[in-house]
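> Could you work out the structure for the sequence below:
(2 chains)
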There are 2 protein chains.
Amino acid sequence: MSRVYNFSAGPAVLPLEVLQNAQKELVDYKGCGMSVMEMSHRGKDYDAIHQEAIATFKELCGLNDDWSVCFIQGGASMQFAMIPMNFLGAGQSADYANQGTWSNKALKQAQMIGTVNVVANCQKDIPTRMPADGEFKWTAGAAYSHICTNETISGAELKKIPESGSPLIADMSSDILSCERDYSKFAMFYAGAQKNLGPSGMAVVAIRKELAEKGSTAIPTMLQYRTYVDENSLYNTPPTWGIYIFGEVMKWVKKMGKENLFKLNAEKAKKIYDVIDGSGFYRGTALKEYRSNMNVTWRLPTEELEAQFIKEATAAGMKSLKGHRSVGGIRASIYNAFPMEGVDCLVDFMKEFEKKNG
Amino acid sequence: MSRVYNFSAGPAVLPLEVLQNAQKELVDYKGCGMSVMEMSHRGKDYDAIHQEAIATFKELCGLNDDWSVCFIQGGASMQFAMIPMNFLGAGQSADYANQGTWSNKALKQAQMIGTVNVVANCQKDIPTRMPADGEFKWTAGAAYSHICTNETISGAELKKIPESGSPLIADMSSDILSCERDYSKFAMFYAGAQKNLGPSGMAVVAIRKELAEKGSTAIPTMLQYRTYVDENSLYNTPPTWGIYIFGEVMKWVKKMGKENLFKLNAEKAKKIYDVIDGSGFYRGTALKEYRSNMNVTWRLPTEELEAQFIKEATAAGMKSLKGHRSVGGIRASIYNAFPMEGVDCLVDFMKEFEKKNG
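This is a model prediction of the structure:
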C-alpha cells in the first residue's frame, strides 16, 4: 500500500490507524457477526457506538449537560437552512457576518426565511481577510448571531471569538477541535463532518438544550432541532457508519492528546507560511493576521506556474492542492489527521520548485 | 469470521462480497492512495463512483433521460417533509393513502404544510392490510398522490400499483428493486437506502425532471429537488461512502441478475409463509393477499413464547427477529441480500420450536 499526501479541503484525510482498524472490523464488528453498516440502529451494539461517540466529543469540547450533541444529515449546508427556520421568527431579525464564501451562503439562506442584519461585511476583501475585532455592529435584541470561525476557501480564520450580545451560533466546519477554544461562549456550533471529524454525510451539531426548545414547532419534524435533542439523534435512522468513524476519530484525538494536536497544527501551518514569507515567489492569499492553520492558501507569480506546481506536486504524491476555483492559486488543507511528514514533503517541494522556476 | 443471519429491518444485511471488497479497498481505493472516505467529491476518482452508481441504478429500474436520480440526505423521513414543501402549494391539495406507520408519518408531515386528502384509510386495520384495489378515492386536480408500496412494520405490500390520475409519488424504502415493477408509472419514487440499497444516511430519489422543475423556489436551496437535479447531487458534499457502497450493491444486483433475485425473494418468503400456514401455532400478521415478500411478520400463541422464540433464535445465530414494538410478534426482514441459507435455518428452527412448544 502506498498512501498519498491528501491535501483535500474535504472530504479529507483521516487518521491511518482509524482506517486500518475500520478495515479490520468492516465485515465483522468486534465478533458480533455483522458490519456496523448492517446493524439495527435500535440494537445494543450500535447504541454503544452512538453513545461513546457523543460522550467523547463532549469531553473533548468540554460540554456539560446543558448541551446536546446531534448528528444531522445534510452537512453544514442543511444547517444554513435549519438555523433560520428554527430561530428566525416573524418580527425578529438575526445578525450575520459576511466573512467569505461559506458565511455568505449561510446569510443568503437566512434571507429566504426572514430579516437579516449584515453586522460585518468583508465581501470586497474576500479571500484576504476576516472582520477585524471592532468591526462587528451587533443588533440589540437579535434572535441570534451567526459567524464562521474559519473560511475554508479563503484560508482565513477568526482569531478572536466576538461577543455578540445574542445567542452566538458558529459554523466551525473547517477548524473545529483544531485549536484551543472556549466552546461555552456559544449557544450552538456545528461542523460538516468531512474535514476534521470523519466522513461526509452529516453535520455534528452541538446545541444548548434551552436554545433547541425555543425553535419553531411549525416546521417539519426532521427540521426541528428538538427532534434530534429529544430523541438523541435516533428519531429516524441516523448515518450509522459515519457516526462510527466519527467516534473512532474522536477516540484518536483523545489518544493523541488534543493539546498536542493543537500544537502540531500550529507547527504544520507555520512551516508552510515560513516558506511563503521567506520567498519573493510565493504570496500568501490571506493577510497574515487572519491566516488559517487549517487551510493554507497562496499564489504563484502566474497561473501557468500554479498549474505546473499542481501538476508536479501531484506527480510527487501530493494530491488536491488546487485552490478553490473562486479564488485560484494553491490550497493546502492540513487538518488534524494530516501528517507532519506530508507538510515536510510539501515544504521541500516548494523550495525546490522556487529554485527551478523563481 | 462467523457471520450471523441478520433479519434486521434496516440498516440491514448487505451482500457479503460487497463488504469483503469494500474491506479490501478501504484504506487504498484501487491504488489511488486514499480511502473513498477521504476523496474530494470534486475529483475524478470519486466522480467515476458517483456516475456509475447512478447509471447502474437507472439501468436496473429502466429509467430514461426524463429521470434524475438524486442522493438526498435525511432518509425517507426527510422526503416526507420535502415532498409537500416542494409540491403542495397554497390553494392546492395532495392525495395521501394511510396504509401503515410509514405512510401515516408521510401524511402527517404533509398536513403541516398544506391540505391533504386521505384517499384510503386502513388505520384501524394496521398492521393486517393495505388498501384494496377499488378503495382509493382519488381527487381530481390533486397536486400529487402519495403511496407506500410496502409497510415495513406491518409486513404488508401493495400488490398492484394504483392509477391515481395525478403525479404518483411512492415511498419504496423496503421493497425497491425487490420485484418486477413498472417504474415508468411514477412521477417520483424514493427509498431510504438502508434496506435494499446500501448503508443508512440517504434516500435514493428518482424524480422526473419536469416534476422537479415545478417545485417551490421559496424554500431553502437544500430542500429543493431542482438543486439535486441541476447539480447532479453535488451542490454540497454528498455522503460519498454511502454512495460508493450503494453503487457496489447495484453492481451486485446486476451481476446476480435482477429477475433471478426477484424469483429468489418470492421463494424465500414462501418458505416462511408455508411454515406459518402449515401450523396451528404461528399466525401471520398481515392478511394473505397483502403479505410482503420483504418483511414477513407473524405472532405466536403468547408474548412469552414470542420472547422465548427470539431468545433461542438469537442464541442460534439469527438476529433482530423481534417485531416492531407497535405491532409485536416476530418480523423476519429478508431483503435482496439476505441469503437463502438463512431462511432455511429459520424455517428449520420454526418447525423445531413448534414441535417443542406447540
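> Looks like A:Ile147 contacts A:Ala97 (just checking).
Yes: the pair A:Ile147 and A:Ala97 passes the contact test of CB atoms under 8 Å, sitting 4.9 Å apart. Where C-beta positions appear, they are placed from N, C-alpha and C, glycine not excepted.
> who touches both of those two?
A:Ser103 (CB atoms under 8 Å, 6 or more residues apart in numbering or on different chains).
> A:Phe189 looks like it's in a strand, true?
Yes: the assignment for A:Phe189 by DSSP: H, G, I helix; E, B strand; the rest coil puts it in a strand.
> The stretch 201-350 of chain A: helices as residue ranges?
A:209-213, A:225-230, A:240-256, A:258-277, A:303-315, A:340-357 (DSSP state H, counting those that start in this stretch).
> need these in JSON lines with distance to B:Gly323, can you?
Below are these laid out as JSON lines (distance: least, CB to CB, whole Å):
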{"stretch": "helix A:209-213", "distance to B:Gly323": "32"}
{"stretch": "helix A:225-230", "distance to B:Gly323": "25"}
{"stretch": "helix A:240-256", "distance to B:Gly323": "21"}
{"stretch": "helix A:258-277", "distance to B:Gly323": "44"}
{"stretch": "helix A:303-315", "distance to B:Gly323": "54"}
{"stretch": "helix A:340-357", "distance to B:Gly323": "51"}
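> Of those helices, give the one that comes closest to chain B.
helix A:240-256 (5.1 Å; CB to the nearest CB).
> hmm, who's touching that closest one?
With contacts defined as CB under 8 Å, 6+ apart, helix A:240-256 is touched by A:14-15, A:17-18, A:21-22, A:36-37, A:39, A:41, A:46, A:49-50, A:52-53, A:56-57, A:59-60, A:71, A:177, A:193, A:197-202, A:204, A:261, A:336-337, B:11, B:37, B:199-201, B:239, B:241-242.
> Give me the angle between that helix and helix B:240-256.
Per axes from the mean of the first three to the mean of the last three CA atoms, to 10 degrees, the angle that helix A:240-256 makes with helix B:240-256 is 140 degrees.
> Keeping just the C-alphas, turn helix A:240-256 into PDB.
Coordinates of each C-alpha in helix A:240-256 appear next as PDB, following Å, rounded to 0.1, in the frame of the first residue of the first chain:
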ATOM      1  CA  THR A 240     -24.600   4.900  11.400                       C
ATOM      2  CA  TRP A 241     -21.300   4.300   9.600                       C
ATOM      3  CA  GLY A 242     -20.400   8.000   9.600                       C
ATOM      4  CA  ILE A 243     -21.100   8.200  13.300                       C
ATOM      5  CA  TYR A 244     -19.000   5.100  13.900                       C
ATOM      6  CA  ILE A 245     -16.000   6.600  12.100                       C
ATOM      7  CA  PHE A 246     -16.600  10.000  13.800                       C
ATOM      8  CA  GLY A 247     -16.400   8.200  17.100                       C
ATOM      9  CA  GLU A 248     -13.200   6.500  16.100                       C
ATOM     10  CA  VAL A 249     -11.600   9.800  15.100                       C
ATOM     11  CA  MET A 250     -12.700  11.300  18.400                       C
ATOM     12  CA  LYS A 251     -11.000   8.500  20.300                       C
ATOM     13  CA  TRP A 252      -7.900   9.000  18.200                       C
ATOM     14  CA  VAL A 253      -7.900  12.800  19.000                       C
ATOM     15  CA  LYS A 254      -8.200  11.800  22.700                       C
ATOM     16  CA  LYS A 255      -5.400   9.300  22.500                       C
ATOM     17  CA  MET A 256      -3.100  11.800  20.600                       C
END
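> Quick check: which of the helices of the stretch 201-350 of chain A is nearest to B:Phe87?
When the helices of the stretch 201-350 of chain A are compared by CB to CB, helix A:225-230 sits nearest B:Phe87, at 22.6 Å.
> Next, the buried residues of that closest one.
In terms of neighbour count (16 or more other CB atoms under 10 Å in any protein chain shown), helix A:225-230 has its buried residues at A:225-229.
> that older thread, take the contacts of helix A:240-256 and keep only those in strands.
A:71, A:204 (DSSP state E).
> wait, which of the helices of the stretch 201-350 of chain A is closest to B:Thr128?
Using CB to CB, the helices of the stretch 201-350 of chain A put helix A:225-230 closest to B:Thr128, at 29.7 Å.
> How about that closest one and chain B, touching?
No: remark: helix A:225-230 sits outside contact range of chain B, by CB under 8 Å from any CB of the partner chain, the gap being at least 9.4 Å.
> Now do that helix: which elements does it pack against?
Applying 3 or more CB pairs under 8 Å, 6 or more residues apart in numbering or on different chains; DSSP states H and E, one finds that helix A:225-230 contacts strand A:67-72, strand A:203-208, helix A:209-213.
> Quick check: can you list the domain ranges of chain A?
A:17-256, A:259-357 (automatic domain parsing).
> Tell me the pLDDT of A:Asp133.
Among the per-residue scores, A:Asp133 shows a pLDDT of 85.
> quick one: it and A:Glu163 touch, right?
No: using CB under 8 Å, A:Asp133 is not in contact with A:Glu163, being 10.7 Å away.
> okay, how far is it across stretch A:28-37, tip to tip?
End-to-end span of stretch A:28-37 (CA to CA, to the nearest Å): 10 Å.
> how much distance is there from that stretch to the middle of the chain?
For stretch A:28-37, the distance from its own C-alpha centre to the chain's C-alpha centre is 30 Å (CA atoms, centre = their mean, to the nearest Å).
> what do you get for stretch A:53-71?
On CA atoms, centre = their mean, the centre of stretch A:53-71 falls 16 Å from the chain's centre.
> Could you check it against chain B for contacts?
No: with CB under 8 Å from any CB as the criterion, chain B is not reached by stretch A:53-71; the gap is at least 9.8 Å.
> Now do that stretch: everything it contacts.
Residues outside stretch A:53-71 that contact it (CB under 8 Å, 6+ apart): A:177, A:183-184, A:202-210, A:212, A:225, A:228-229, A:232-233, A:238-239, A:242-244, A:246-247, A:250-251, A:253-254, A:258.
> buried sites along it?
Taking 16+ other CB under 10 Å as the criterion, stretch A:53-71 shows A:53-54, A:56-58, A:60-61, A:63, A:67-71 as buried.
> Could you dump the residues you listed into TSV and include pLDDT?
As requested, those are exported to TSV (pLDDT from 0 to 100):
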residue	pLDDT
A:Ala53	98
A:Ile54	98
A:Thr56	98
A:Phe57	98
A:Lys58	98
A:Leu60	98
A:Cys61	98
A:Leu63	98
A:Trp67	98
A:Ser68	98
A:Val69	98
A:Cys70	98
A:Phe71	98
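> picking up where we left off before, can you tell me which of the domains of chain A is most buried?
Highest mean neighbour count among the domains of chain A (mean count of other CB atoms under 10 Å in any protein chain shown): domain A:17-256, with a mean of 21.
> Now do that one: distance to the chain's middle.
On CA atoms, centre = their mean, the centre of domain A:17-256 falls 9 Å from that of its chain.
> Can you give me the end-to-end span of it?
12 Å.
> mind listing what A:Ala12 touches?
Per CB under 8 Å, 6+ apart, neighbours of A:Ala12: A:6, A:194-196, A:333, A:335, A:337-338, B:38.
> I'm done for today, thanks for sticking with me.
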